[in-house]
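> Everything below, folded, please.
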Amino acid sequence: MPLLDARSDRQLLAAHRAGERGAFDELVRRHGDRLWSVALRVVRDPDDAADVVQEALVAAYRRASSYRGQAEVGTWLHQIVVHKCVDRIRHDRARPGLVGRRHHVLPAPDDPADRAMTRLAVVDALAELPVEQRLAVVLVDVEGYPVAEAARILEVPVGTVKSRCARGRLRLAGLLGHLREGG
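Residues are numbered from 1 along each chain as shown. Just a heads-up that it's a prediction; the model follows:
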C-alpha cells in the first residue's frame, strides 16, 4: 500500500469494514489531530481529551458497520467524539471531587506572556459556557467548521448552531471584556 493513501474516507471505511488492515489507521491519521483538538477544547484536560478520542476511535472502529453514509466519515467521527466529550463532562460533574482538578492548556513556550495569559483567559471563559454553546463555539469559531458542518456534527439544525454560537459569543464577550485595550 502506498505511503499516502489516495482513497476517499468512505472508501477507507468500506475497506476497514471488509477487513483490510490499516484502512482505519489511515482514517485516524487524517482526522486524529482535529478530533483531539476539539476534545481538548471541550474537556480542557489533555489526558481526558486523549481518553475521549481513544474511546471515540475504539467505538468507531467497532461500530463501523453502523455508518450509514448520511454524513461524511469525518463528520461521523466528530459526532462520536462530541458524544464522548458530553459523556465525560457529565461524568465529571457527577464526581464533585474533580472540580478544580482541570488543567489549563499550556501555550507554546515561545508565546509572549500576554498572549499566554489571553489564551488561559479564553480557555477559562469557554469552560464557563454551557456545554451545548461550548461545543458550537469550539467547532465554528475555534476549529473553523462551517455552520452547516457543525450542525451535522452536533446533529442539530443549522439555526440551533447559529443561536448557540450567538449566545456563547455574547457570554464570552462579557467574560472576556477585561481583555479589551483600555478596558
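> mind showing which ranges of the chain have poor pLDDT?
Residues of the chain meeting the criterion pLDDT under 70: 1-4, 95-116, 180-183.
> quick one, helices of it?
Assignment of helices within the chain using DSSP state H yields the ranges 9-17, 23-43, 46-62, 73-93, 113-128, 131-137, 147-154, 158-176.
> Please work out which of these is packed deepest.
Mean neighbours per residue, mean count of other CB atoms under 10 Å, is largest over the helices of the chain for helix 131-137, with a mean of 23. Quick note: C-beta positions are derived from backbone N, CA and C, even for glycine.
> which residues sit in contact with the residue positioned nearest the centre of the chain?
In the chain, the residue lying closest to the centroid (CA atoms, centre = their mean) is Val38, at 2.0 Å. Contacts for Val38 (CB atoms under 8 Å, 6 or more residues apart in numbering) come out as 78, 81-82, 85, 138-139, 143.
> Let me see the domain layout of the protein.
With domains defined by automatic domain parsing, the chain comprises 1-103, 105-183.
> got the contacts of Val38 as a markdown table, with distance to Thr160 columns?
Output for the contacts of Val38, formatted as a markdown table (distance: CB to CB, whole Å):
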| residue | distance to Thr160 |
| --- | --- |
| His78 | 16 |
| Val81 | 19 |
| Val82 | 14 |
| Cys85 | 17 |
| Val138 | 15 |
| Leu139 | 12 |
| Glu143 | 18 |
